[in-house]
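S.K.: coords below, sequence missing:
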């Protein structure tokens, strides 16, 4: 039995357990890759090391079956690639990308610069920039982006060049150890994109951030728009906005029937696409923290939220890619996040399309349905 959004939410609101027939077949008749591919949407997954992820042959096989592409969750971040000044380590990323290449999966990069200092390597945060700090900061940034992009070259079709430059609490652009020496955030971000374009001219270059449709993200969305406008006026070579779509209890999608937040979300997407940018759903999952403990009801709530968000966002043909941040619940970052994972009922979170045994869940059906209903890409 398959429930639509209204049926699932009505049962959840009434506190009624969903019928056992809601369970999804262990082997779906159509894959995410097939359903999305028919409309021109590329499906991907974030891959990381670990027994539930890259080191698990079954998980690798699931990724190859369901996806067109992969991205490294951590292996291409600055802290991993350059753990010490001038010392680069590509071993983990190269292993994941070699496997993906063998499986015929496309590869994208995440992320050349993660703006907030707490996510930068400690050596960079504590670095002595000397008598000419601007020149030294430019040398370090240029060396990192040039070395990394030239190492991977055209093997990666897309890069998150800059990650999370906006403070969600204030809406202000974040300052960092580099921005303070390179003329401020806009100048530094512009430099990052120009360096990337010079070294991988054919790659899609993405600004990536986690603003979403919730009412609480109003400042964040407005600041992202201002940043994109400022960079466009400078001729910064940005191709797309990456939307970290971590949907959850902080995303008040059901408020006022779900219409008000999505109305503002559409306005935001209209403005972004009106500037000529493409869109990438770069990190997709759905937190179940605020949902009931009963697994059937919880899974139905996750599926309903996923479908609501995808129906609106995928109605924009400019969305070219959708990357899940882990295909199975035990491979998703929320499982280990005490502040956001399912803890009220003493149960592990169920935030993705597949369970710990790699069996599809109602969210899988919701995604398939959203792909079938969305307009074809250009």
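M.R.: Received it, and whenever you're ready, just let me know what you need. The structure presented is a predicted model; accordingly, all values stated were derived computationally and were not measured.

S.K.: In three-state terms, label the residue lying farthest from the centre of the chain for me.
M.R.: Distance from the C-alpha centroid of the chain peaks at residue 131, with 38.9 Å (Cα atoms, centre = their mean). The three-state label given to residue 131 by DSSP: H, G, I helix; E, B strand; the rest coil is coil.

S.K.: Distance of it relative to residue 219?
M.R.: According to Cβ to Cβ, to the nearest Å, residue 131 stands 38 Å off from residue 219. C-beta here means a position set from N, CA and C on the backbone, and glycine is covered the same way.

S.K.: so how far is stretch 64-80 off the chain centroid?
M.R.: 11 Å (Cα atoms, centre = their mean, to the nearest Å).

S.K.: For that stretch, which residues meet the burial criterion?
M.R.: 64, 66-78, 80 (16 or more other Cβ atoms under 10 Å).

S.K.: Ok, stretch 315-326 next?
M.R.: For stretch 315-326, the neighbour count (16+ other Cβ under 10 Å) marks 316, 317, 318, 319, 320, 321, 322, 323, 324, 325, 326 as buried.

S.K.: Looking at these, which is nearest residue 368?
M.R.: residue 322 (12.4 Å; Cβ to Cβ).

S.K.: If residue 72 is in a bridge, with which residues?
M.R.: Beta bridges link residue 72 to residue 47, judged by DSSP bridges.

S.K.: quick one: it from residue 46, how far?
M.R.: Going from residue 72 to residue 46 by Cβ to Cβ gives 7 Å.

S.K.: cool, residue 192 as well?
M.R.: 21 Å.

S.K.: In three-state terms, how would the residue positioned nearest the centre of the chain be classified?
M.R.: Taking Cα atoms, centre = their mean as the criterion, residue 283 is the residue nearest the geometric centre of the chain, at 1.8 Å. Following three-state DSSP, residue 283 is assigned to strand.

S.K.: Pretty sure it sits against residue 322.
M.R.: No: taking Cβ atoms under 8 Å as the definition, residue 283 is not a contact partner of residue 322, at 9.9 Å.

S.K.: name the element residue 270 belongs to?
M.R.: helix 259-274 (DSSP states H and E).

S.K.: Sort out which residues of that helix are buried, please.
M.R.: Using 16+ other Cβ under 10 Å as the test for burial, helix 259-274 gives 261, 262, 264, 265, 268, 269, 271, 272, 273.

S.K.: What of stretch 234-249?
M.R.: For stretch 234-249, burial by neighbour count (16+ other Cβ under 10 Å) applies to 236, 238, 239, 240, 241, 242, 243, 244, 245, 246, 247, 248.

S.K.: now swap in stretch 40-60 and tell me
M.R.: The neighbour-count check on stretch 40-60 (16+ other Cβ under 10 Å) flags 41-48, 52-54, 56, 59-60 as buried.

S.K.: Looking at those residues, which is nearest residue 310?
M.R.: The closest of the buried residues of stretch 40-60, once distances to residue 310 are taken by Cβ to Cβ, is residue 41, at 10.2 Å.

S.K.: And the pLDDT for that closest one?
M.R.: Residue 41 is assigned 98 on the pLDDT scale.

S.K.: And the closest residue to residue 175 other than its chain neighbours, how close does it get to residue 271?
M.R.: In this structure, residue 175 finds its nearest non-sequential neighbour in residue 185, 6.6 Å apart by Cβ to Cβ, 6 or more residues apart in numbering. Note on residue 185: its distance to residue 271, by Cβ to Cβ, is 20 Å.

S.K.: Also residue 320?
M.R.: Counting by Cβ to Cβ, the gap from residue 320 to residue 271 is 18 Å.

S.K.: now do residue 206
M.R.: From residue 206 to residue 271 the distance is 17 Å (Cβ to Cβ).

S.K.: for residue 40, helix, strand, or coil?
M.R.: Per three-state DSSP, residue 40 ends up coil.

S.K.: ok, it - contacts?
M.R.: 376, 377, 378 (Cβ atoms under 8 Å, 6 or more residues apart in numbering).

S.K.: Highest neighbour count among those residues?
M.R.: Of all the contacts of residue 40, residue 377 has the most neighbours under the rule other Cβ atoms under 10 Å, reaching 16 neighbours.

S.K.: That one belongs to a strand?
M.R.: No: with three-state DSSP as the criterion, residue 377 is coil rather than part of a strand.

S.K.: Just give the nearest non-adjacent residue to it, would you?
M.R.: That would be residue 40: by Cβ to Cβ, 6+ apart, it lies 3.2 Å from residue 377.

S.K.: what about that neighbour, distance to residue 278?
M.R.: For residue 40 relative to residue 278 (Cβ to Cβ), the value is 12 Å.

S.K.: repeat for residue 205
M.R.: Residue 205 is 10 Å from residue 278, by Cβ to Cβ.

S.K.: For these two, list the residues in contact with both.
M.R.: Residues touching both residue 205 and residue 278 (Cβ under 8 Å, 6+ apart): 239, 240.

S.K.: How many residues are close by residue 350?
M.R.: 28.

S.K.: Check which helices and strands the helix or strand where residue 231 lies is in contact with.
M.R.: If you go by DSSP H and E, residue 231 is part of helix 218-234. Judged by 3 or more Cβ pairs under 8 Å, 6 or more residues apart in numbering; DSSP states H and E, helix 218-234 is in contact with helix 185-199, strand 204-209, helix 259-274.

S.K.: Looking at the ones you listed, which is nearest to residue 140?
M.R.: Across these, closest to residue 140 is helix 185-199 (Cβ to Cβ), at 11.5 Å.

S.K.: Contacts for that closest one, please.
M.R.: So helix 185-199 is contacted by 112-113, 115, 138, 141-142, 145-146, 149-150, 159, 161-162, 165, 173-176, 178-179, 182, 203, 205, 207, 227, 230-231, 234, 236-238 (Cβ under 8 Å, 6+ apart).
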